[in-house]
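A.B. asks: sequence and predicted structure, then a few things I'm wondering about:
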Amino acid sequence: MSPKLTIAVASGKGGTGKTTVSASLSCAAADAGYKVAYLDCDVEEPNGHLFLKPEIDCRHLVGIPVPVVDQKKCVACGACGQICQYSAIVCINKNILTFDKMCHGCGGCALVCPAGAITEKSRSIGSIEGGSAGRISFYHGNLFVGEAFSPPLIRAVRSTGCNGLNIVDAPPGTSCPVISAIKGADYVLLVTEPTPFGINDLDIAAGMVKELGIPHAVVVNRHDPDNTLARDFCRDRGIKILAEIPDDRRIAEAYSRGALPYSAVPGYRELFKELLISAVKEAKW
Amino acid sequence: MVKEITVISGKGGTGKTSLVASLVSLAEKTAVADCDVDAADLHLVLNPRVEQVNDFSGGKSSAIMPDKCTGCGKCHELCRFGAVVKNTDQKTVFTIDPIACEGCGVCSYFCPEKAIEFKQAVNGQWFISSTRYGPMVHAKLGIAQENSGKLVSLVRSQVKIIAEEKGLPYIIVDGPPGIGCPVIASITGTDCALIVTEPTLSGQHDLERVVELINFFKIPAYLCINKFDINPEVSDIIEEKALAAGVKVVGRVHYDRNVTGAQVKKLPVVEMPNTPAAADVRTMWSNLLQEITAATKVS
C-alpha cells in the first residue's frame, strides 16, 4: 500500500458544496486516525479556513519567472517578441517592453536572446499558508487580487500536503485551474446538486475527469428523495454515487455561520465517516 | 449607447444565472452573453436557437512527429510545464500531453530536428443565437481546454457588435465565479458590475475579494443579496461593508424554492406568478436602472 493517497473534491458548478464535503471528510479522516492534510486549491476564493479555523504557522510567496531585459546588452533583434505567445514581451522601435502580468513563465525569451540580455526574476502572484486544524494539516493558496493566472499557485499548493491522506478542495469549473488542482490525484469526488444547472455542469466535469483518466464518483448535495435527476444521470453514465447529503435547512444555517454539518448538525458525522470509508475503498488504498 | 451590465459573484452558486435569466426577461430589449464558458448554464433557461457556430482558437499547441523525433530530450529539458512526457513504451520516446501544454512553443523552436509541430489549436466553439428575448452569444470551451479568458473576451466583443447593430439599450452578461482570468476578462471595460452574494461567512469573504477586484479595475458596481433571509444579520453586515467599499445594495431577494422550480420549468423566476423572489427581482431591476441612469447623467 502506498503511504500517500490524494482525493480531490471538484464540481463543474460553483456553490454545490465542495468545501463542505472536503472539510468534513478531512475531519472524519482525522477522527478515524488517519494522517490527513486538507489542501485548499480554490485560490481565487479560498474558504476552507472559515470552517476548519486553522492556526497558521508558516507563509511563503509563490512566484513565476518573468524576464528582465538588460537594455545595454540588447541588440533589438526582436527574437524575444517573436517567440513569446502571450504578448508579454514586445520589441517596438528597438525598445523592449515587458508586460509581466501576461507572462506564463515559459522562459522562451531568455533562451532565444542571442545577446544574453534577458535574465529572469520571480514575480509573486500569491501566497501559501500552512498550519494545523486539530490533527489536520492545513494548506491554502491565496491568489493576489488582480492576478489572472492561478495554475502555478495551485500547483504549488498541490506540492504541499502529507505522506498520508491528502484531500484537495478544487476550484469550480472545468478549465485550467481545476485541471491543475486535480491532475495527478488518485481519485475525484464530483459534488453536484440535483438541479438542471447542477446536472449540466456535472456532465461537463465528468467528461473532464474521464479525459484525465482519474477514477471518480459523485456526491449528491441537497438531495431530495423525490428528485431523481442525479440518480438518473449517474445510472445512465455508470458513475457511482457514494453519498447523498439531504437538502436540510440546518446544514445551510450552519454553513452560513462557518460551521460544518460534520460537527454542527446531529446525524451527519456518520454520513461523512461512511463517505470516507467508501472513497478510500473505491480508490483502492 | 448600449450599456453593458456584467453579473459576477466571487463565490459560485449564489444565483448569477437564475438572476440573469430574470433580468433578460425584465429588460424587454436586450442582448445577452453567457461568459461562464467552462460551465455554461444560461442556455438551459433561455433555450436559444443557434444560428451560427464558430470554432474558437485560443492559441497554439505542440505535437511531436514520431517519424522525425530522435529522442534527444531537448524538449523534455526545456518545457517548464511538465508537458513533455517520457514514454515507457519503445515506439516514441517523448510525447506532448495536450492538457499540460501551455502553448508557449519553446519545445518546437528549440527542437534540433524540427520534429515538433506548433499549430493553431481548436479550444472550443462559440455561438450566435436567438432567444425569445433577443440575441444571445454563448460558448463552449472544449473539455480540459484553457484560454477561457480569451473566449470570454471574444464572446463579449461579438455581443457588443450585435447589440450596436440592432440598437439595443442593454447587454446583460452572465459572468463566471472567482476573481481570476475569465472574471477579469468579463469585467474589463464593462459599464457596471452587478455582484450577487449570499449571506454566509463564505459569501461575505468572497465578496470582499471580488469588491477589491472591481475597485482595482475601477468599475462601478452594485450588489444583490440573494437568499438574504437565510441569515439577516450577515446580510446587514454585508450591506454595511459593501457600502463602505463604495458598492450600493440594489436588491435583497428572499430565499424561495420557486427559483429552483423555475429552473426545472426552464423559465426565468420573474415569469412565475406570485413568487416572493420574482417581486424582489423586479424591484432590484428598477433600482438598478435608476442607478445606471443617474450615473450616466453625472458622467
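C.D. replies: Arrived safely, thanks for sending. Numbers count the residues shown, from 1 in each chain, chains lettered A, B, ... in the order given.

A.B. asks: can you pull out the helices in the stretch 1-150 of chain A?
C.D. replies: Taking DSSP state H, counting those that start in this stretch, the helices of the stretch 1-150 of chain A run over residues A:18-31, A:48-52, A:79-83, A:108-112.

A.B. asks: so for the second one, mean pLDDT?
C.D. replies: When pLDDT is averaged over helix A:48-52, the result is 98.

A.B. asks: which elements pack onto it?
C.D. replies: Contacts defined by 3 or more Cβ pairs under 8 Å, 6 or more residues apart in numbering or on different chains; DSSP states H and E place helix A:48-52 against helix A:18-31, strand A:36-40, strand A:136-143, helix B:201-216. For the C-beta atoms, the positions are set from N, CA and C on the backbone; glycine is no exception.

A.B. asks: out of these, deepest packed?
C.D. replies: Using mean count of other Cβ atoms under 10 Å in any protein chain shown, the stretch among these with the largest mean neighbour count is strand A:36-40, at a mean of 28.

A.B. asks: orientation of that strand relative to helix A:18-31 in degrees?
C.D. replies: Relative orientation of strand A:36-40 and helix A:18-31, computed by axes from the mean of the first three to the mean of the last three Cα atoms, to 10 degrees: 160 degrees.

A.B. asks: show me how far strand A:36-40 is from its chain's centre.
C.D. replies: Taking Cα atoms, centre = their mean, to the nearest Å, the mean C-alpha location of strand A:36-40 is offset from the chain mean by 11 Å.

A.B. asks: quick one: strands adjacent to that strand?
C.D. replies: Using DSSP bridges, strand A:36-40 pairs in its sheet with strand A:136-143 (parallel), strand A:165-169 (parallel).

A.B. asks: dump the residue contacts of the residue nearest to A:S137 when sequence neighbours are not counted.
C.D. replies: Of all residues beyond its chain neighbours, the one nearest A:S137 is A:A37 (4.0 Å), with distances taken as Cβ to Cβ, 6 or more residues apart in numbering or on different chains. By Cβ atoms under 8 Å, 6 or more residues apart in numbering or on different chains, the contact list for A:A37 reads A:26, A:136-139, A:160-162, A:164-167.

A.B. asks: could you rerun that using 10 Å?
C.D. replies: Contact analysis of A:A37 by Cβ atoms under 10 Å, 6 or more residues apart in numbering or on different chains lists A:4, A:6, A:26, A:29, A:130, A:132, A:136-139, A:160-168.

A.B. asks: same check on A:L276?
C.D. replies: Taking Cβ under 10 Å, 6+ apart, we find A:L276 in contact with A:7, A:24-29, A:31-32, A:34, A:36, A:165, A:167, A:242-243.

A.B. asks: distance of the spatially closest residue to it that is not a sequence neighbour from B:N123?
C.D. replies: Once flanking residues are discounted, A:L276 sits nearest to A:A28: 4.5 Å by Cβ to Cβ, 6+ apart. According to Cβ to Cβ, to the nearest Å, A:A28 and B:N123 sit 39 Å apart.

A.B. asks: kindly report the same for B:R257.
C.D. replies: B:R257 is 38 Å from B:N123, by Cβ to Cβ.

A.B. asks: ok, those two, which is more surrounded?
C.D. replies: B:N123 (23 against 10; other Cβ atoms under 10 Å in any protein chain shown).

A.B. asks: can you read off the pLDDT for A:V265?
C.D. replies: Predicted confidence (pLDDT) for A:V265: 96.

A.B. asks: quick check: phi and psi at it.
C.D. replies: Phi and psi for A:V265, reported as degrees, to the nearest 10, are phi -120, psi 120.

A.B. asks: OK, contacts around it?
C.D. replies: Applying Cβ under 10 Å, 6+ apart, the residues near A:V265 are A:248-251, A:253-255, A:259, A:271.

A.B. asks: in which helix or strand would I find the residue lying closest to it once chain neighbours are set aside?
C.D. replies: Spatial nearest neighbour of A:V265, chain neighbours left out: A:R250 (4.8 Å); criterion: Cβ to Cβ, 6+ apart. Counting by DSSP states H and E, the element that carries A:R250 is helix A:249-256.
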